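Quick check, what structure comes out for this input:
(chains A, B, C and D)
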There are 2 protein chains.
Amino acid sequence: MATNAKERLLSAAERLFYEEGIRAVGIERILSESGVGRASFYRHFPSKDDVVVEVLRRRDGMWRAWLDGRIEASDRGPAELPLALFDGLAERFAAAEFRGCAFINTMVETADPESPAHHVAAEHKEKVIARLDRLLTDGGYRDHENLARQLALLGDGAIVTALREGTTEAAVRARAVATVLLRTAERVPVPAHADTV
Amino acid sequence: MATNAKERLLSAAERLFYEEGIRAVGIERILSESGVGRASFYRHFPSKDDVVVEVLRRRDGMWRAWLDGRIEASDRGPAELPLALFDGLAERFAAAEFRGCAFINTMVETADPESPAHHVAAEHKEKVIARLDRLLTDGGYRDHENLARQLALLGDGAIVTALREGTTEAAVRARAVATVLLRTAERVPVPAHADTV
DNA sequence: TCAGGATGGTACCGATCAGTTCCATCTTGG
DNA sequence: CCAAGATGGAACTGATCGGTACCATCCTGA
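The predicted structure follows:
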């Protein structure tokens, strides 16, 4: 192989889909920007829809690995570690290429909730919520599942708000709400060296 | 005029754009579903983009009128009247045709932040925030502008969450967060017959 | 060295896109 | 009652869509 055409296709498609939208990007664009021939494209993917799904799967993995990295790198204590999500979002919003959440965007663009792309996007969010749930459980929060879903809702709200405003303010705003939420939440008594929010 | 072709065009376009997305709906669909001739379409609108903008303007007016109605019809006291937003969202999420927020969807579909459609969508959100701000001011909240933006962020988060989940739960979740937010917010002392959150 | 597989390029397909033009018809105001 | 304007229908444009077929070339493993 010349230099892994499939990989070049996926990375070009991922960037273009995110920056301009799935429907807005034609096969031609993906081919020219990746330098891959038309025939090679259809040797690797049966159709454009399959590329969309595979791009989303990749991005799901990358995104959650990024979140894990932000959690590990955070100097917050266990009780306020969930706020690392919003610390990370603030960075993302500042990026020049920020164009919202690829998964929300996909669900908006792909109206059909039964489409494979919609499912992958929905599954991504559930995985993120599961991660937050673990974080909150470790932080000693009683109603961790409900809290996880509230934090995820706040995160998504921040993302669409940042897309509209074009600034990072939404992350700070959402984090402030999350902080109030965690402060007022019930926690189970932790045995030793407990830290507070 | 046969029976106001322009009105039929706009209402058909509004429904189709919302249900299936702007890019996904071609002129042909709008024509066949509205029963308007092709030539008549271009007599009323220079291009499809102009229809998009006018549809959004209409929807902006309708949406905020609906919000005002929900506020007026609410039996909540001044301090918790802002929660009427989430009461209303719960109803919207339950509707069969619910497909998220037309303005968020437009900003997602229309990648270019300088496009007229994007601007109309962004302005809509600012007007909603201004309405919430007035509500919070009347409710006696000190940091009303910040609170208004936090509630709007919660509302948008609830909408995209509801789009993903397909249930009304997100409205309840967001309202719970909003309730905590209002309960912990500082309020100016009100003279007489003050009511609490 | 040579064969086989992967590759990039191009021509092509039918369908659909937004937009233009022309025309027959219908409605309505004067 | 009739003229003027608004209308719906259809044919057409050039561009682009996703997808197929064919071909010359290049890289690599045996």
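
The residue positioned nearest the centre of chain A: what secondary structure?
The centroid of chain A falls nearest to residue A:63 when counting by CA atoms, centre = their mean (5.2 Å). Secondary structure assignment for residue A:63 (DSSP: H, G, I helix; E, B strand; the rest coil): helix.

Mind pulling the model confidence for it?
As predicted, residue A:63 sits at a pLDDT of 98.

Just the closest residue of chain A to chain B, please.
residue A:157 (2.5 Å; CB to the nearest CB). Every residue, glycine included, has its C-beta placed from N, CA and C.

ok, how many other residues are close to that residue?
Around residue A:157 there are 28 other residues, counting by other CB atoms under 10 Å in any protein chain shown.

The residue nearest to residue A:74 when sequence neighbours are not counted: neighbouring residues, count only.
Closest residue in space to residue A:74, ignoring its immediate chain neighbours: residue A:84 at 4.0 Å, by CB to CB, 6 or more residues apart in numbering or on different chains. Neighbour count of residue A:84, defined by other CB under 10 Å: 21.

Let me see the contact set for residue A:84.
A:70-71, A:74, A:76 (CB atoms under 8 Å, 6 or more residues apart in numbering or on different chains).

My read is that residue A:25 contacts residue A:13, right?
Yes: counting by CB atoms under 8 Å, residue A:25 touches residue A:13, with 7.5 Å between them.

These two: who's more crowded?
residue A:13 (25 against 22).

just checking, what packs against the helix or strand harbouring that one?
Secondary-structure assignment from DSSP states H and E places residue A:13 in helix A:5-20. Packing partners of helix A:5-20 (3 or more CB pairs under 8 Å, 6 or more residues apart in numbering or on different chains; DSSP states H and E): helix A:27-34, helix A:38-44, helix A:48-73, helix A:102-109.

For the ones you listed, give me a markdown table that also has distance to residue B:168.
Shown next, in a markdown table, are those (distance: least, CB to CB, whole Å):
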| stretch | distance to residue B:168 |
| --- | --- |
| helix A:27-34 | 38 |
| helix A:38-44 | 41 |
| helix A:48-73 | 26 |
| helix A:102-109 | 17 |
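
can you redo those as a markdown table with distance to DNA strand D?
Formatted as a markdown table, the helices and strands packed on helix A:5-20 follow (distance: least, CB to the nearest atom of the strand, whole Å):
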| stretch | distance to DNA strand D |
| --- | --- |
| helix A:27-34 | 4 |
| helix A:38-44 | 3 |
| helix A:48-73 | 4 |
| helix A:102-109 | 12 |
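
tell me the pLDDT at residue A:191?
You'll see residue A:191 listed with a pLDDT of 56.

Alright, calling it a day.
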